[in-house]
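A.B. asks: structure for this input, please:
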Amino acid sequence: MKRVQEYYQIIHPQDRLSVIPKGGAKVKRITSSKIVTLIVLVTILLTSCKPSTATKPAIQTIKIGVPTLMTGWGAPMGADIMAGIGMAVENVNGEGGLLGKQLEIVYADTKNTSAEDCALAAQSLDKAGVVAFFPGAFYGPACAIEFANYQQPLLHATASAEVVDPIAENLKEYGNVFQVSASEEAFGPNAFTDMTQLPYDYPNKKAALLGGDISYDMLIKDGIAKLGEKKWLGNCYERCISIRNH
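C.D. replies: Numbers count the residues shown, from 1 in each chain. The predicted structure is shown next:
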């Protein structure tokens, strides 16, 4: 998987995934179900190249791991993650599966994503024989750090700087970790672009930005405000900034 990571960057502009070579133009836009298929296939091909010293029973399904927030304060988001991966796997299996086999989801609860929670989830999924980890998003850096200890690729959609920065600064150590979403700096401009492309005639070009005072929210709001000023908010920029934290 390290070779794959060296040659390709997987990014998430708005709602769709694109695979882009580091030095060239866009190659192909792919859906979430196709990225599941792609990563699982690459993982199987790489692991199948390893020498075997014993005859193993035939694999009936291909297992993928979903370590996510099944309980605790993040459970509502975890429910959405499980629904999303469920739909993606249903699409893959409905089209015949992968390598003639059906995908099987194995879940593990990361609870509140403490170091211990993430370690227990990783151990459980590794023991179950999953070929890749699809956690969706999680809180804090503990899970990314823990799952980096395994050979299976981890494809996460966590955008916070506390998770992204340590991985970006040490790709050799985190060679199996892939981020499949933009960081929060891109969320605001993407949201503004989506909003202005809706089939709706706005009565004016004024916008109020609402959110919390955590850095995640503030970066997103700043991105919206700056692009909004450039595109159509005009002199509303300062006013929007002044009311956004109310």
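A.B. asks: and the protein, what are its domains?
C.D. replies: 2-49+57-182, 186-243 (automatic domain parsing).
A.B. asks: save the ones you listed as CSV, and put in mean neighbour count and mean pLDDT too.
C.D. replies: Every residue, glycine included, has its C-beta placed from N, CA and C. Conversion of these to CSV gives the following (neighbours: other C-beta atoms under 10 Å; pLDDT from 0 to 100):
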stretch, mean neighbour count, mean pLDDT
domain 2-49+57-182, 17, 78
domain 186-243, 15, 75
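A.B. asks: and the biggest helix by length in the chain, what does it pack onto?
C.D. replies: The single longest helix within the chain, with elements called by DSSP state H, is helix 75-94. Under the contact criterion of 3 or more C-beta pairs under 8 Å, 6 or more residues apart in numbering; DSSP states H and E, helix 75-94 touches helix 32-48, strand 61-68, strand 102-109, strand 133-136.
A.B. asks: one more time with 6 Å
C.D. replies: helix 32-48, strand 61-68, strand 102-109 (3 or more C-beta pairs under 6 Å, 6 or more residues apart in numbering; DSSP states H and E).
A.B. asks: just the CA trace of that helix, in CSV.
C.D. replies: Extracted in CSV, the C-alpha atoms of helix 75-94 (Å, rounded to 0.1, in the frame of the first residue of the first chain):
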residue,chain,number,x,y,z
ALA,A,75,-23.1,7.3,18.2
PRO,A,76,-25.4,9.4,16.0
MET,A,77,-22.5,10.1,13.6
GLY,A,78,-21.5,6.4,13.8
ALA,A,79,-25.0,5.4,12.7
ASP,A,80,-24.6,7.5,9.6
ILE,A,81,-21.2,6.0,8.9
MET,A,82,-22.6,2.5,9.2
ALA,A,83,-25.5,3.3,6.9
GLY,A,84,-23.1,4.8,4.3
ILE,A,85,-20.7,1.9,4.2
GLY,A,86,-23.7,-0.5,4.2
MET,A,87,-25.0,1.1,1.0
ALA,A,88,-21.6,1.1,-0.6
VAL,A,89,-21.1,-2.6,0.1
GLU,A,90,-24.7,-3.4,-1.0
ASN,A,91,-23.9,-1.8,-4.3
VAL,A,92,-20.7,-3.7,-4.8
ASN,A,93,-22.3,-7.0,-3.8
GLY,A,94,-25.3,-6.3,-6.0
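A.B. asks: what angle separates it from strand 61-68?
C.D. replies: 160 degrees (axes from the mean of the first three to the mean of the last three C-alpha atoms, to 10 degrees).
A.B. asks: okay, angle between helix 75-94 and strand 102-109 too, please.
C.D. replies: Helix 75-94 and strand 102-109 are oriented at 170 degrees to each other (the same axes, to 10 degrees).
A.B. asks: please renumber the chain so that the first residue is 721 from this point on.
C.D. replies: OK, 721 is where the count begins now, so the last one is helix 795-814.
A.B. asks: show the residue spans covered by the helices in this protein.
C.D. replies: With DSSP H as the criterion, the chain has helices spanning 722-727, 752-768, 795-814, 835-848, 862-867, 881-889, 904-916, 935-948, 957-963.
A.B. asks: what's the closest of these to I784?
C.D. replies: Nearest of the helices of the chain to I784, taken as C-beta to C-beta: helix 752-768 at 6.1 Å.
A.B. asks: just to revisit the earlier point, how about the helices of the chain in a markdown table, adding distance to L789?
C.D. replies: Below are the helices of the chain laid out as a markdown table (distance: least, C-beta to C-beta, whole Å):
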| stretch | distance to L789 |
| --- | --- |
| helix 722-727 | 26 |
| helix 752-768 | 19 |
| helix 795-814 | 3 |
| helix 835-848 | 9 |
| helix 862-867 | 10 |
| helix 881-889 | 14 |
| helix 904-916 | 19 |
| helix 935-948 | 16 |
| helix 957-963 | 32 |
